[in-house]
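Peer 1: Task: produce atomic coordinates for the following.
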Amino acid sequence: MAADIIIHKANKVPVGKDQEQHLEMTRKFARRFNQMYEVNYFPEPDAYNFGQQLVKIPGLDGSGKMGKSEGNGIFLSDTPQAIKKKVMSAVTDTGPTAPGQEPSEPVKNLFTLMNVVSDQETVKFFSEKYASCEIRYGDMKKQLAEDIINFTEPIRLRINDILTNNKYLSKVVSDGAEKARSSASKTVREVREIIGYRPF
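Peer 2: Take a look at the predicted model:
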């Protein structure tokens, strides 16, 4: 991952919170090269996240992050029916037993998801219902599923449009490969000059 970032001299990298350590390692490698050869060649990349703090989207199983390998994720290509089914089966608990009780980890996860896709009035409504021990998880999940669908549906439709356009996909792959080769070759050539490597 570090090599992929460095070889293209990236300034911004689109990563989530779970990739912070990898990005810091990349920054360390870039800094070390610059110091060793007394140059300012490699930039120290930052995470690209629209100027906000990095976030980690929790999984639907009540623990860890959302991901394909964990089998607990919602994908941007999921149909509304699939999203609804997944959200309705998300892990919760038996509900709060005292006003102001701290939510369990699975319930915190649902609120984290809601904070990402729902408007603040919706989040406030269900937060208050939880705090007063009146929350109905079924209602919360239905609302969450609806908000996730509204959030992802334009993306899903665009994904489907792209997947049916083989000519466009072929061009993107071809142009991207050429651009990557050109960028990487330039970096390798310049690095060789910096470290004093001369071809025989």
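Peer 1: what sits up against the helix or strand bottoming out on mean pLDDT in the chain?
Peer 2: In the chain, no helix or strand scores lower on mean pLDDT, DSSP states H and E than strand 46-47, which sits at a mean of 86. Residues outside strand 46-47 that contact it (Cβ atoms under 8 Å, 6 or more residues apart in numbering): 11-15, 19-20, 23, 54. Glycine gets a C-beta too; all of them are placed from N, C-alpha and C.
Peer 1: Which of those fall within strands?
Peer 2: 12-13 (DSSP state E).
Peer 1: Just name the closest of the contacts of strand 46-47 to residue 189, please.
Peer 2: Taking Cβ to Cβ as the measure, residue 189 lies nearest residue 11 of these, at 20.1 Å.
Peer 1: Output the below-cut-off pLDDT ranges for this structure.
Peer 2: When residues are selected by pLDDT under 70, those of the chain lie in 50-55, 199-200.
Peer 1: now, which of the contacts of strand 46-47 sits nearest residue 29?
Peer 2: The nearest one, if we look at the contacts of strand 46-47 relative to residue 29 and count by Cβ to Cβ, is residue 23, at 10.8 Å.
Peer 1: How much space separates the closest one from residue 188?
Peer 2: 22 Å (Cβ to Cβ, to the nearest Å).
Peer 1: Mind checking which of the two has more residues around it?
Peer 2: residue 23 (19 against 12; other Cβ atoms under 10 Å).
Peer 1: my guess is that one contacts residue 45, does it?
Peer 2: Yes - counting by Cβ atoms under 8 Å, residue 45 is a contact partner of residue 23 at 6.6 Å.
Peer 1: Find residues that contact each of these two.
Peer 2: Joint contacts of residue 23 and residue 45 (Cβ under 8 Å, 6+ apart) are 5, 13.
Peer 1: show me where this structure has helices.
Peer 2: Assigned by DSSP state H, the chain shows helices spanning 2-6, 20-36, 80-88, 105-117, 120-131, 137-163, 166-195.
Peer 1: JSON lines please, covering those helices and showing distance to residue 71.
Peer 2: As requested, those are arranged in JSON lines below (distance: least, Cβ to Cβ, whole Å):
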{"stretch": "helix 2-6", "distance to residue 71": "26"}
{"stretch": "helix 20-36", "distance to residue 71": "23"}
{"stretch": "helix 80-88", "distance to residue 71": "10"}
{"stretch": "helix 105-117", "distance to residue 71": "15"}
{"stretch": "helix 120-131", "distance to residue 71": "26"}
{"stretch": "helix 137-163", "distance to residue 71": "18"}
{"stretch": "helix 166-195", "distance to residue 71": "28"}
